[in-house]
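**Student:** The amino acid sequence is not available; the structure is as follows:
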């Protein structure tokens, strides 16, 4: 770990507030991936995720005093800002599910063929991924957030509750209902090809 | 633990740190006893594997480089603007301070040169000042204040006035006789330089421009033997 990496977020933020661009970029690089993943999994849209990440760091840049180190880590603060932006986005576009993830150059999602031995198994895996993504994105926002934080980000219930700003019991309840819905949807997706093949 | 409780917290009992060991044991025991809940747990485990695969699929996702570029650009714009504003404020204050300093120094120099000029002038006329005639003239002026026109600063009345009241040289050229005065009365006359308002010339019977009546001017008065002004001269 370099000296810069060892520096604490709040020190970097103070430097950034004084106009140190490199400190700000360091903070951005440290937290952008987590924010982007969160936004991408919640919205299912790369453009929206990109906008949300940009908004989050713009907020940090324009008003760094909004973050108080005594109230928690910078990562949690950024998650909170990102969560608000995501919820606003979902309220505006409640059912936005892109058919296919595109890269900047318009190509596919950029998933690299790593463990699939044949193209057909790779395709099958991709299809299943698409189904899981669709199932997650079809969950109501609160359930999706609980599933995303606890299952995809592998946070503890306490951490998830802290980020979502609700009691642990609420997170557990949302997770329970989210899981039930998710299993039902996955089962449904699994059944559709079976029925199709039986019909053939 | 019943099926409903198992559904609420038994599915993820091993991960839930808020559950006690007894609750976890109860969940395990229920899953062994209830085939429906066991199937539910299996189903959830399968779904979880798929979720993990989905998580791994997006684990390396990062914001595109253009976001960083945009943020850098915005950062520069914001901080350069701030810096420029601060520099402008500092420059304005520095200019104002410099202007005030130049003004103060200029005023001080002007005052100093004025004082030096006055002192030099006074020093250059010691003989005239000490002559008994002039003393009598000055005395006459003190004794007959009513005869001096209104607005004339009398010599010796204040420190400033005394420093500014000068006895001019004895050249009689350029004098303009006041109405009623005779040239013969000025044989032993003395010249007294006074500061007076231009309007006071009117009291001596001279024409005055009303618009400039309040201006302070230096005037040479030719004082006759009787102590009254006989002629007046405006020194250049």
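**Tutor:** Everything's here; your move. None of these values were measured; they are calculated from a predicted model.

**Student:** got the residues of chain B near chain A?
**Tutor:** Within chain B, the positions lying close to chain A (C-beta under 8 Å from any C-beta of the partner chain) are B:7-9, B:11-12, B:15-18, B:43-44, B:47-48, B:50-55, B:57-59, B:61-64, B:66-68, B:70-72, B:74-76, B:78-79, B:82-83. Just so you know, the C-beta spots here come from the backbone N, C-alpha and C atoms, and that holds for glycine as well.

**Student:** Which helix or which strand is home to the residue most central in space within chain A?
**Tutor:** Geometric centre of chain A, nearest residue: residue A:38, 1.5 Å, by C-alpha atoms, centre = their mean. Residue A:38 is located in helix A:21-43, with elements delineated by DSSP states H and E.

**Student:** which helices and strands sit right next to that helix?
**Tutor:** helix A:9-17, helix A:46-62, helix A:74-92, helix A:141-147, helix B:65-123 (3 or more C-beta pairs under 8 Å, 6 or more residues apart in numbering or on different chains; DSSP states H and E).

**Student:** That helix versus helix A:9-17: what angle between them?
**Tutor:** 110 degrees (axes from the mean of the first three to the mean of the last three C-alpha atoms, to 10 degrees).

**Student:** Poorly predicted segments of chain A, please.
**Tutor:** A:1-7, A:93-117, A:191-200 (pLDDT under 70).

**Student:** Domain boundaries for it, per the record?
**Tutor:** Domains of chain A are assigned by automatic domain parsing as A:7-97, A:117-200.

**Student:** quick one on the thing from earlier: residue A:118 is nearest to which of the helices and strands packed on helix A:21-43?
**Tutor:** helix A:46-62 (28.3 Å; C-beta to C-beta).

**Student:** hmm, the closest one in reach of chain B?
**Tutor:** Yes - Helix A:46-62 is in contact with chain B by C-beta under 8 Å from any C-beta, via A:49, A:50, A:53, A:54, A:57, A:58, A:61, A:62.

**Student:** Could you look up the SS state of residue B:231?
**Tutor:** strand (DSSP: H, G, I helix; E, B strand; the rest coil).

**Student:** Return the residues in contact with it.
**Tutor:** Residue B:231 makes contact with B:175, B:176, B:177, B:178, B:181, B:186, B:221, B:222 under the criterion C-beta atoms under 8 Å, 6 or more residues apart in numbering or on different chains.

**Student:** My reading is that the last one lies in a strand. Confirm?
**Tutor:** Which is residue B:222. Yes - counting by three-state DSSP, residue B:222 falls inside a strand.

**Student:** Could you measure from the nearest residue to it once chain neighbours are set aside over to chain A?
**Tutor:** Closest residue to residue B:222 apart from its sequence neighbours, by C-beta to C-beta, 6 or more residues apart in numbering or on different chains: residue B:231 at 3.9 Å. Relative to chain A, residue B:231 is positioned 78 Å away (C-beta to the nearest C-beta, to the nearest Å).

**Student:** Tell me what residue B:231 is bridged to.
**Tutor:** Beta-bridge partners for residue B:231, by DSSP bridges, are residue B:177, residue B:222.

**Student:** which parts of stretch A:131-149 are buried?
**Tutor:** A:131-133, A:135-137, A:139, A:141-149 (16 or more other C-beta atoms under 10 Å in any protein chain shown).

**Student:** out of the residues you listed, which touch chain B?
**Tutor:** A:132, A:133, A:136, A:147.

**Student:** With respect to residue A:165, which of the helices and strands packed on helix A:21-43 lies nearest?
**Tutor:** Evaluated with C-beta to C-beta, the helices and strands packed on helix A:21-43 place helix A:74-92 nearest to residue A:165, the distance being 7.4 Å.

**Student:** Next, the buried residues of the closest one.
**Tutor:** Quick answer for helix A:74-92 (16+ other C-beta under 10 Å): A:74, A:77, A:78, A:79, A:80, A:81, A:82, A:83, A:85, A:86, A:89, A:90.

**Student:** Am I right that the last one is in contact with residue A:141?
**Tutor:** Yes - in this structure, residue A:90 is within contact of residue A:141 by C-beta atoms under 8 Å, at 4.9 Å.

**Student:** shared neighbours, those two?
**Tutor:** residue A:42.

**Student:** Need the pLDDT of residue B:228.
**Tutor:** pLDDT, residue B:228: 83.

**Student:** what's the burial count for it?
**Tutor:** For residue B:228, the tally of surrounding residues (other C-beta atoms under 10 Å in any protein chain shown) stands at 16.

**Student:** Could you measure from it over to chain A?
**Tutor:** From residue B:228 to chain A the distance is 81 Å (C-beta to the nearest C-beta).

**Student:** just to revisit the earlier point, ok, which of the domains of chain A comes nearest residue B:194?
**Tutor:** Among the domains of chain A, if distance is taken as C-beta to C-beta, the winner is domain A:7-97, at 67.6 Å.

**Student:** roughly how far apart are residue A:66 and chain B?
**Tutor:** When residue A:66 is compared with chain B (using C-beta to the nearest C-beta), they lie 15 Å apart.

**Student:** Which residue, neighbours along the chain excluded, lies closest to that residue?
**Tutor:** Closest to residue A:66 by C-beta to C-beta, 6+ apart is residue A:59, at 6.9 Å.

**Student:** If I follow the layout properly, that neighbour ends up in contact with residue A:84?
**Tutor:** No - using C-beta under 8 Å, residue A:59 is not in contact with residue A:84, being 9.5 Å away.

**Student:** three-state assignment of residue B:62?
**Tutor:** coil.

**Student:** so who does it touch?
**Tutor:** Per C-beta under 8 Å, 6+ apart, neighbours of residue B:62: A:32, A:33, A:36.

**Student:** Let me have the helices and strands packed on helix A:21-43 in TSV, extended by distance to residue B:215.
**Tutor:** Listed next are those as TSV, based on distance: least, C-beta to C-beta, whole Å:
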stretch	distance to residue B:215
helix A:9-17	62
helix A:46-62	62
helix A:74-92	73
helix A:141-147	86
helix B:65-123	18
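
**Student:** Please identify the deepest-packed of those.
**Tutor:** helix A:141-147 (a mean of 22; mean count of other C-beta atoms under 10 Å in any protein chain shown).

**Student:** Go through the very next helix or strand once past that one and flag the buried ones.
**Tutor:** Once the chain leaves helix A:141-147, the next helix or strand it forms, by DSSP H and E, is helix A:157-164. Buried residues in helix A:157-164, counted by 16+ other C-beta under 10 Å: A:157, A:159, A:160, A:161, A:162, A:163, A:164.

**Student:** Now do the helix or strand just after helix A:157-164 and helix A:157-164, the angle between them.
**Tutor:** Going down the chain from helix A:157-164, the next helix or strand is helix A:168-199, by DSSP H and E. Computed by the same axes, to 10 degrees, the angle separating helix A:168-199 from helix A:157-164 equals 100 degrees.
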